[in-house]
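In: sequence and predicted structure are below.
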Amino acid sequence: MTETNKNVDALEKINQMSSADYYFDSYSHFGIHEEMLKDEVRTLAYRRAIINNRKLFEGKVVLDVGCGTGILCMFAAQAGAKMVIGVDNSEMLPIAQKIITANNFDKTITLIKGKMEEVVLPVDKVDIIISEWMGYFMLYEGMLDTVLYARDKYLVPGGVILPDKASLYITAIEDQDYKEEKINYWNNVYGFDMSCIREIALKEPLVDVVQPNMIVTNDCCILTVDIMTITKDELKFRSDFKLKALRDDLIHAFVVYFDIEFSKGDKPVCFSTGPKAKYTHWKQSIMYFEDHIKIQQGEIITGTMDCAPFDKNQRDLKIKLDFNFAGELMKSSSSLEYHMR
Ligand SMILES: C[S@@+](CC[C@H](N)C(=O)[O-])C[C@H]1O[C@@H](n2cnc3c(N)ncnc32)[C@H](O)[C@@H]1O
């Protein structure tokens, strides 16, 4: 093989690589765990849901799917669990083991390195499954599939999963300035035409913070997940939505975010990753489209969203968004496709 061919091959490989290739590596560095642990909306919600529900945990066998640093395992042990098993396939696992030992939880917490789908647990069944599985756009990373696998294989009848409910929402925003900076920027980069990157950028949901004053419409729930009962197939979803303008404005993007509920136990806990809630590391997922919609208060955008794992890489998401708008000032309809990777 010539040097040129080798380079072309390497480039093609890089182009074909996506989140699946880096997935467990990405969780092997402490940096990502630092970001998650410091997200207090997230970590304190889990702590409240576990520690404040001592009655639920006392004397129980608990499985933490994707235990990372072991933080949720330690909360469960503090809440009185008899035995906690943490499973993780990243190189964080040996470090988590040191953390468990340093905090004197060796007797209660057993950590196992490997894929949840492949490891052998020291018990046949568990009473409670805890997991922090949510990715951007809620379903990115496809980790909920792993929780459902663990539920079907290990959860005792009548067992509990925390969290147990998740809902995905869509809304629409005015975002002219940031669209200029992130999308139209590529039209003229130091005088050069890089608009081919603009085409790619338009097709990728942008994970960033949406300010509440950018929201132009109400929101609409496009998916509700009951983690106790949902099947892997139902996570591929199609949902119609209707968004009503709260004021006269321009719309440049649709925005997706999710809410999480721990509804079991005496003290239910919930948190939102929406633009009106406190910052979380999930931010919001922004989907820009060509042009804009000129909307007046009370007018309605209707649409359909289809979302499924990407064929070539089940951790990526393929999102199709069709919308229709017939307002007094303009009419617009479009069929948009996005790839979350
Ligand atoms: C979002 S992190 C959560 C870490 C920790 N539970 C926390 O709350 O800070 C998800 C973890 O699950 C692990 N993971 C994802 N899928 C897995 C699988 N199929 N088998 C084992 N570990 C998995 C990842 O390596 C990662 O460390």
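Out: Received, thanks.

In: and the strands in the stretch 1-150 of the chain, which stretches?
Out: 61-65, 83-88, 109-113, 126-131 (DSSP state E, counting those that start in this stretch).

In: which of the three states applies to the residue of the stretch 151-300 of the chain at minimum distance from the ligand?
Out: The ligand sits closest to His281 of the stretch 151-300 of the chain, with a gap of 9.8 Å, by C-beta to the nearest ligand atom. C-beta coordinates here come from the backbone N, C-alpha and C atoms, glycine included. Under DSSP: H, G, I helix; E, B strand; the rest coil, His281 falls in the coil class.

In: shift numbering so it begins at 34
Out: Done: numbering now begins at 34, and the last item shifts to His314.

In: tell me, how many neighbours does it end up with?
Out: By the criterion of other C-beta atoms under 10 Å, His314 has 15 neighbours.

In: isn't it up against Arg75?
Out: Yes - with contact defined as C-beta atoms under 8 Å, His314 reaches Arg75; the gap is 7.1 Å.

In: around the ligand, pick out the residues from the protein.
Out: Residues of the chain found near the ligand (C-beta under 6 Å from any ligand atom) are 57, 60, 66, 69, 99-102, 104-105, 120-123, 125, 148-150, 165, 176, 179.

In: show me the contacts for the residue of the stretch 184-333 of the chain closest to the ligand.
Out: Glu68, Met69, Asp72, Arg75 (C-beta atoms under 8 Å, 6 or more residues apart in numbering).

In: separate out the buried members of those residues.
Out: For the contacts of His314, a burial check counting by 16 or more other C-beta atoms under 10 Å picks out Met69, Asp72, Arg75.

In: all helices of the stretch 34-183 of the chain, in order?
Out: 36-49, 52-59, 63-71, 73-84, 87-90, 104-111, 126-135, 176-187 (DSSP state H, counting those that start in this stretch).

In: just put the ones you listed in CSV and tack on mean pLDDT.
Out: What follows is the helices of the stretch 34-183 of the chain, written out as CSV (pLDDT from 0 to 100):
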stretch, mean pLDDT
helix 36-49, 49
helix 52-59, 76
helix 63-71, 96
helix 73-84, 98
helix 87-90, 96
helix 104-111, 98
helix 126-135, 98
helix 176-187, 97
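
In: burial of the residue in the stretch 84-233 of the chain positioned nearest to the ligand, as a residue count?
Out: Using C-beta to the nearest ligand atom, the single residue of the stretch 84-233 of the chain nearest to the ligand is Gly99, 2.1 Å away. Using other C-beta under 10 Å, Gly99 is surrounded by 22 other residues.

In: I'd say it and Met149 touch.
Out: Yes - using C-beta under 8 Å, Gly99 is in contact with Met149, at 7.3 Å.

In: name the residues contacting each of the two.
Out: Counting by C-beta under 8 Å, 6+ apart, the common neighbours of Gly99 and Met149 are Val120, Thr179.

In: and Ser200, bridged to which residues?
Out: Thr257, Asp292 (DSSP bridges).

In: now do the same for it: its pLDDT.
Out: Model confidence at Ser200, given as pLDDT, is 98.

In: walk me through the domains of this protein.
Out: Domain assignment for the chain by the TED database gives 37-165, 199-373.

In: adding distance to Asp185, write these out as a markdown table.
Out: Formatted as a markdown table, these follow (distance: least, C-beta to C-beta, whole Å):
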| stretch | distance to Asp185 |
| --- | --- |
| domain 37-165 | 11 |
| domain 199-373 | 9 |
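
In: weakest of those by average pLDDT?
Out: domain 37-165 (a mean of 90).

In: which parts of the stretch 234-374 of the chain are helices?
Out: Counting by DSSP H, counting those that start in this stretch, the stretch 234-374 of the chain contains no helices.

In: the residue in it positioned nearest to the ligand - how many residues pack around it?
Out: Going by C-beta to the nearest ligand atom, the ligand is nearest to Arg348 of the stretch 234-374 of the chain, at 9.1 Å. For Arg348, the neighbour count with other C-beta under 10 Å is 21.
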